[in-house]
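Peer 1: Here's a sequence, model it:
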Amino acid sequence: MRIVRSAVVLVLALTGCAPVVSERPTSIVMLIADGAGPAHWTLALNANPDLAVQRMSSVGLVDTRGADHTVSGSAPTATAYATGVRSRMGYVGVDADGRPVRTVLEEAMRRGKSTGLITTTAIVDATPASFAAHNTSRAASGDIARQMGTAGVTVLMGGGRFAFGPSVQPDGRDLLADLRGEYTYVESVEALRRVDADTVSALLGLFAEGDMGIVEERGDALAVMTSKALDILGRDPDGFFLMIENEESDTQAHRNASEDVLTQEMLDFDAAVDQVLEFQARNPGTLVVVTSDHETGGVALLYDGDREIVMHYPSTAHTGVLVPLFASGPGAERFSGILRNDRVGQILKELVRD
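Peer 2: Numbers count the residues shown, from 1 in each chain. The predicted structure is shown next:
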C-alpha cells in the first residue's frame, strides 16, 4: 500500500499536479499538557516568544465534552484520544457502557510498532492509563498497573511505583519484581541518563512513589525521559507510537499556583515539544500532535493599571473551554479547525492503520 501511495505522489509530481493523497506517518508522537487551556499557552508565549509549538503547521481547537458531561476530565478525554470513542467520567480505555475499546497504542502494537508512555505523574494515572488499560475506574491503580505492565509497551516512564507493589496489587503479587525480569528498570533520572538506548529492548522507569513534582523538584526529568524514549523507539524501522504528558500544568492550576509556577510547567512541556520536533526534522515520517485533555482553573489573564497581565483563578476545578491543538508532519492537516476529542482519536487510529 505504501508503494502505491508513493507512486501516486511521484506521478502527480512529474505531471505538475498537487498531490491529493496525504502520506501516512511511520511514527506518531502525541504530547498532552494536562489541564492547559489558551491562557496557559499565553503565559508560556509571554515568557518565551519562540515557543516550539509555533513551528507546527496546523492549529486547531478541541471540544473536550464526554458521553455524559460537558465539563470533562482527564480520563474520558484521554480515552477519547486513545480510542476514538467518547466515554464517562472516571472511565479509562472503555466506552460509555464500560466495554473495552482498542486504543491507538494497541493498534500500533498490532502493526509491529514499538510503543511508549511518559508522564510526570504516576504512570497509572488517567491519561497514560487510557492508552494501555481498560477499567471503569481510574482509581483502580493495582489493576491498571498490571494491565499496563503486561501489555508489552516498550517504554513506560513516570512516577507511581506504589501501584506495582504487593499492597496494591489485587492478588498481593509483587508486580515490580516480575517486571524487572522483562524490562531494563531504573528508579532515578541519573540512572536513566546512563542507560545505553542501543542495548535496551524495553525500559521501565519509575522515578517516584507517586507524582514527580513540579519543575523545581523534578528538574530536567521530562527532557531526559523524552530523549531516552525517542532514542529507544526510534530504532524500530516499523515506527512507533509515543504519548508524553506533563501532569503538573493541571495539578498546579487545581492548586491555584503562582503565575511563575504555571509558566515554568508550560515552558518545560514546550521544551519537550522542541525535542520531538528536532527528532521529526531527522525523521520526517513522524507526525507530532500537541494538545490538552481539558482546561483547569479557568485561568484569567486580566490587566493592571499599566496594561500588564495579572493572572486570576476563578476556580480550582476543570472548565469546559475549548483547548488548543497543534500538529505537524504527515497527516497534520487533518487536525486543523474545531474537532471533537473523539474525532482526534479516530484520526490517530486511522493514521496508524496501513
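Peer 1: Going by C-alpha atoms from here, please, whenever you check contacts or count neighbours.
Peer 2: Fine.
Peer 1: residues of the helix ranked longest in the chain that come out buried?
Peer 2: Assignment by DSSP state H gives helix 259-282 as the longest helix of the chain. Neighbour-count burial for helix 259-282 flags 259, 261-277, 279-280 (criterion: 16 or more other Cα atoms under 10 Å).
Peer 1: and it, what other elements does it pack with?
Peer 2: Counting contacts by 3 or more Cα pairs under 8 Å, 6 or more residues apart in numbering; DSSP states H and E, helix 259-282 packs against strand 27-33, helix 38-47, helix 215-218, helix 221-233, helix 248-254, strand 286-291.
Peer 1: Could you list the residues in contact with that helix?
Peer 2: 29, 31, 33, 40-41, 43-44, 47-48, 51-53, 214-215, 222-223, 226-227, 230, 246, 248-249, 252-253, 286-288, 290, 311, 329 (Cα atoms under 8 Å, 6 or more residues apart in numbering).
Peer 1: quick one on the thing from earlier: wait, which of the helices and strands packed on helix 259-282 is closest to T127?
Peer 2: Closest approach to T127 among the helices and strands packed on helix 259-282 (Cα to Cα): strand 27-33, 8.6 Å.
Peer 1: gap between that closest one and the chain center?
Peer 2: From the chain centre to the centre of strand 27-33 is a distance of 5 Å (Cα atoms, centre = their mean, to the nearest Å).
Peer 1: Direction included, what does that strand pair up with?
Peer 2: If you go by DSSP bridges, strand 27-33 pairs up with strand 240-246 (parallel), strand 286-291 (parallel).
Peer 1: looking at the ones you listed, which is buried most?
Peer 2: Ranked by mean neighbour count, the strands paired with strand 27-33 are led by strand 240-246 with a mean of 26 (mean count of other Cα atoms under 10 Å).
Peer 1: how about that strand as CSV, C-alpha atoms only?
Peer 2: Output of strand 240-246 as CSV, limited to C-alpha atoms (Å, rounded to 0.1, in the frame of the first residue of the first chain):
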residue,chain,number,x,y,z
PHE,A,240,6.3,3.8,16.9
PHE,A,241,3.5,5.5,18.9
LEU,A,242,4.6,7.6,21.9
MET,A,243,2.4,9.6,24.3
ILE,A,244,4.2,12.2,26.5
GLU,A,245,2.3,14.0,29.3
ASN,A,246,3.1,16.8,31.7
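Peer 1: Residues touching that strand, excluding its own?
Peer 2: Strand 240-246 is contacted from outside by 26-34, 104-105, 108, 113-121, 127-128, 222, 226, 233-234, 265, 269, using Cα under 8 Å, 6+ apart.
Peer 1: Check stretch 68-77 too.
Peer 2: If you take Cα under 8 Å, 6+ apart as the criterion, stretch 68-77 is touched by 34, 64-66, 86-92, 126-127, 130, 138, 293-294, 318-320, 341-342.
Peer 1: quick one: average confidence on that stretch?
Peer 2: Mean per-residue pLDDT for stretch 68-77: 98.
Peer 1: low-confidence ranges in the stretch 251-354 of the chain?
Peer 2: Along the stretch 251-354 of the chain, the model assigns pLDDT under 70 to residues 354.
Peer 1: For L301, see how far away the nearest residue in space to K228 that is not next to it in sequence is.
Peer 2: Leaving out its chain neighbours, the residue that sits closest to K228 by Cα to Cα, 6 or more residues apart in numbering is A197, at 6.7 Å. Relative to L301, A197 is positioned 43 Å away (Cα to Cα, to the nearest Å).
Peer 1: The two: which has the busier surroundings?
Peer 2: More neighbours surround A197 than the other of A197 and L301, with 20 against 16 (other Cα atoms under 10 Å).
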